[in-house]
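Chemist: sharing a model prediction with you, sequence too.
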Amino acid sequence: MGKKLFLFISIILLIFGIGVHNPVFAVGNTMEDMKKAEVSVDQALDLASKGDLSGAEKAYDQFNKTWRQIEEGIKADSATAYRDIESNMGKVVYSFTIKKPDQVLVALQDLKAVNEKFANGVYPKEAGYKKKDISLDDFILLLQETKKKIKEQNQNEALEGIKNASDRWLSVEGVVVAQSAAVYSDSERDLVTIQAMLSDNPPNYDQANRVIDNMVKYLTPLANKSQYTYWDAAMILIREGLEALLVVIALMSFVKKSGEGKGIGWIWTGVLSGLGVSVILAIIVKFVISSGAFGNNNALIGGWTGVFAAVMLLYMSYWLHSQSNIADWNRYIREKSQTALTTGKLVSLGVLAFLAVFREGTETVLFYIGMASQIKLQSLLIGFLIGAAILGILAYLMVFVGLKLPLRPFFMVSSIIVFYLCIKFTGMGIHSLQLAGLIQTTNTSSIPSIGFFALYPSWESTIPQAILVVGAVIIILSKRLKNKKLITINKKTHESRQLS
């Protein structure tokens, strides 16, 4: 058990190391980081003083990019410094918008002054900055403010507005998903879509404006609900837990079919680790850094976890399909001397269980935290227990039915379920990375939005899903062709023996 725990701690560190683009707790000398970032402000000032506003704006954009990488460390050092710098950055953006050289110079000088104040250690140390969580009404207001910037055709401020809304989405998604899974899915899709439209060259202001109008329209009725029932709480667990349950049950049923008892232990280790890390992460988000400050990193973690899980599900689906031939399965068992699973596969079962539970578990706990202020504690607990009971009944039926199935249908059904989850996790993972701004989004009206398959109107998320489907069809057809050839060869061999 000690080795298993060590393995999963390593996995968790890997996920956080790769998944978090802007770390919540920055490491390093923030004063030195600011001095390096200030080089871009100096360049902007020099160019602005020469009347080159276009060049100055490009130099400032470079500072802005660097700022996004170091701002978390500055937040941790001084909340006051963080607010002053952000405020002056807003003034710089506005001055570039109105294109008045004198105001640009003044705004850049003020930004340089506050940056130097921080770099020289003038600001007092005051760790503990916490971006305030917002209500759904506040979130809708953010969208409406962004709409104003779109109407003014102010690309920079409109982009900042929709990125801010995306970062704050985590504060309200629990309230949304408790009432409508469809609206929740549409909201995440539209946040990515609007950002892509505003990033186009030239920006698609008209279409972005229509999408924001639609978001406000379908979110407003949800903001009017002030109290939730136990059934709202139950449905969150059922909806979010079902996908993780399908993965875990498929793994457990497979292990039982193979007769390998150790596999169950690895799967349970993955499940419990996933649940534990989900709860710990949610508590940190709620009481240490807030959901508003964590929004972008949550999308990154969810995205990378989904992609990793999809890769492992793809391998699992292929392996299950390859064992659907009874003769192949019996030969595999004999080769392993009655040990159906190697150590590597045992570990991979646990890793896959962890990824599935961690991805869904984190969102579930955050959803509950989001709705906790608008539901009675008794209703929340009753809803959770009802949801858990329903999932338990489904799990029992799945295992019972799965073990009763003959070998070939069992492997075929399991491979189809796992492959479906692979496609869905791929779409969800890439979409989350788009929401975080790590992957660009190319929208198209020719692709429908289908929540069941996590299909979004974006080429970046749809093409990998299409490749998976085409690849699966090619593998199935090639395998059938190979089997037909073997049957033909065996038949000819048999006939030649009879003749001789």
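Modeler: Everything's here; your move.
Chemist: quickly find the element holding residue 43.
Modeler: Assigned by DSSP states H and E, residue 43 belongs to helix 30-49.
Chemist: after that helix, which helix or strand is next? Please name it.
Modeler: Defined by DSSP H and E, the subsequent element after helix 30-49 is helix 53-77.
Chemist: pull out the buried residues from that next one.
Modeler: 53, 56-57, 59-60, 63-64, 66-67, 70-77 (16 or more other CB atoms under 10 Å). C-beta: built from backbone N, CA, C; applies to glycine.
Chemist: what's the helix holding residue 43 packed up against?
Modeler: Helices and strands touching helix 30-49, by 3 or more CB pairs under 8 Å, 6 or more residues apart in numbering; DSSP states H and E, are helix 53-77, helix 101-119.
Chemist: dump stretch 423-434 to PDB, restricted to CA.
Modeler: Output in PDB follows, covering the C-alpha atoms of stretch 423-434 (Å, rounded to 0.1, in the frame of the first residue of the first chain):
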ATOM      1  CA  ILE A 423     -13.900  10.200 -27.300                       C
ATOM      2  CA  LYS A 424     -15.800  12.200 -24.600                       C
ATOM      3  CA  PHE A 425     -12.800  12.800 -22.400                       C
ATOM      4  CA  THR A 426     -10.800  13.900 -25.500                       C
ATOM      5  CA  GLY A 427     -13.400  16.500 -26.400                       C
ATOM      6  CA  MET A 428     -13.800  17.700 -22.700                       C
ATOM      7  CA  GLY A 429     -10.000  17.800 -22.200                       C
ATOM      8  CA  ILE A 430      -9.200  19.900 -25.300                       C
ATOM      9  CA  HIS A 431     -12.200  22.100 -24.600                       C
ATOM     10  CA  SER A 432     -11.000  22.800 -21.100                       C
ATOM     11  CA  LEU A 433      -7.600  23.800 -22.500                       C
ATOM     12  CA  GLN A 434      -9.300  26.100 -24.900                       C
END
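Chemist: pLDDT averaged over that stretch - what is it?
Modeler: Mean pLDDT, computed over stretch 423-434, is 81.
Chemist: residues contacting that stretch, please?
Modeler: Identification of contacts with stretch 423-434 by CB atoms under 8 Å, 6 or more residues apart in numbering yields 188-189, 192, 196, 243, 299-300, 302-310, 313, 359, 439-441, 452-456, 458, 460-462, 464-465, 468-469.
Chemist: apply 7 Å and report the result again.
Modeler: Here stretch 423-434 makes contact (CB atoms under 7 Å, 6 or more residues apart in numbering) with 188, 192, 299-300, 302-303, 306-307, 309-310, 313, 439, 441, 453-456, 458, 460-461, 464-465, 468.
Chemist: then stretch 462-477?
Modeler: Counting by CB under 7 Å, 6+ apart, 314, 419, 422, 423, 426, 427, 430, 447, 455 sit against stretch 462-477.
Chemist: what sits against the second one?
Modeler: By that I understand residue 419. Going by CB under 7 Å, 6+ apart, residue 419 touches 317, 472.
Chemist: now do the buried residues in the helix or strand hosting it.
Modeler: Element membership for residue 419 (DSSP H and E) is helix 407-435. For helix 407-435, the neighbour count (16+ other CB under 10 Å) marks 410-415, 417-435 as buried.
Chemist: got it, and stretch 382-401?
Modeler: For stretch 382-401, using 16+ other CB under 10 Å, the buried residues are 382, 383, 384, 386, 387, 390, 391, 394, 395, 398.
Chemist: strands of the stretch 251-400 of the chain, start to end?
Modeler: With DSSP state E, counting those that start in this stretch, there are no strands along the stretch 251-400 of the chain.
Chemist: for it, which spans come out with low pLDDT?
Modeler: Applying pLDDT under 70 to the stretch 251-400 of the chain flags residues 257-262, 282, 284-302, 316, 318-345, 366, 370, 373-374.
Chemist: grab the nearest non-local neighbour of residue 192.
Modeler: In space, and not counting its chain neighbours, residue 192 is closest to residue 434: 4.7 Å by CB to CB, 6 or more residues apart in numbering.
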